[in-house]
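Novice: Have a look; sequence and predicted model below, questions after that.
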Amino acid sequence: MKEGEGPRGEKFQGDFRSIVKGGIDKALNLIQSKFENQPDKRDNLPFHNTVHTNEVVGNIEQILRAIMAADSGLVSEHDVEIGRLAGAYHDTVQVWRKKKVMDRGFEKVTRDRSKGEDAEKGQIDNEKDSAILAEQFMRAANGNGEVPFSDGDIQTVKRAIDATVAAWDMENKTVRQVNLNKESSPVETAMALADLATAGIGGGEKFLDEGRRLFREDNLDIFDAINSGQEIPTDKKDYFKT
């Protein structure tokens, strides 16, 4: 039997890893249903799918176990499981708006996932809404006569998912995670790293594969052209290449 901690710090006498696995399976099934099995091809996401989610779950466990091996006082087995659960839920909501701009005589169409109000889809805040789904699972698990997740666990998972919010850093010409700071816990820090860790953990081939999938997902004009089955005019091919 594995132990977890209840909301007041008491020991939970149950198989904590199995409960977390149930949450991971639920999140993966949700992602598969929403982003892989839709009739509209635009709703089947090349990047934000179960492949990416499984990779993040594996990444965060690897990172947290490396921290635990270096200093067992910083990370526990309980933290590893909380981290895996956060990884499973971090992309369960993917709301986007279509963004159009004219560029060199062509209409460029991309997916815009940035926070804000959308006329058709309402408020967009994918990380916040993904964290709500994780919290709902954890509170439901606590409502079955057992209390595997503490209030602290729930807040850690929510903050960890929030740590994956990314923005472009113009000064350093790279992506940064705006909610990650020196006060972030090891689980939150590991979650942020796990979401962007492909090159460091998976190597060059994995990095290139992930980059291609994300490019196809973000560039709707190219996505639509590839999936239309029609020949792409040479001038538009040249535009896509540049």
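Specialist: Yep, that arrived.
Novice: can you give me the helices for this structure?
Specialist: Assigned helices in the chain, in chain order: 16-35, 50-70, 77-89, 126-142, 151-162, 186-195, 204-218, 220-228, 234-241 (criterion: DSSP state H).
Novice: For the second one, give me every contacting residue.
Specialist: Read that as helix 50-70. Counting contacts by Cβ atoms under 8 Å, 6 or more residues apart in numbering, the residues outside helix 50-70 that touch it are 24, 27-28, 31-32, 36, 74-77, 79-80, 83-84, 86-88, 90-91, 186-187, 190-191, 193-195, 197-198, 201-202, 210, 213. C-betas here are computed from N, CA, C, even on glycine.
Novice: Least confident secondary structure element in this structure?
Specialist: Every helix and strand of the chain was ranked by mean pLDDT, DSSP states H and E. The lowest is strand 3-5, at a mean of 48.
Novice: Could you give me the buried positions within stretch 234-242?
Specialist: Tyr239 (16 or more other Cβ atoms under 10 Å).
Novice: export it as CSV, just CAs?
Specialist: The C-alpha coordinates for stretch 234-242 follow below in CSV (Å, rounded to 0.1, in the frame of the first residue of the first chain):
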residue,chain,number,x,y,z
THR,A,234,3.5,27.3,-56.9
ASP,A,235,3.4,30.9,-55.7
LYS,A,236,1.6,29.8,-52.5
LYS,A,237,4.1,27.0,-52.0
ASP,A,238,6.9,29.5,-52.2
TYR,A,239,5.1,31.7,-49.7
PHE,A,240,4.6,28.8,-47.2
LYS,A,241,8.3,28.0,-47.5
THR,A,242,9.3,31.5,-46.4
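Novice: roughly how far out does that stretch sit from the chain middle?
Specialist: Distance of stretch 234-242 from the chain centroid (Cα atoms, centre = their mean, to the nearest Å) equals 31 Å.
Novice: Kindly write the PyMOL command that selects the buried subset of the contacts of helix 50-70.
Specialist: PyMOL command restricting the contacts of helix 50-70 to the buried ones, with burial defined by 16+ other Cβ under 10 Å:
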select buried, resi 24+27+28+31+75+77+79+80+83+84+86+87+88+90+91+186+187+190+191+193+194+195+197+198+202+210+213
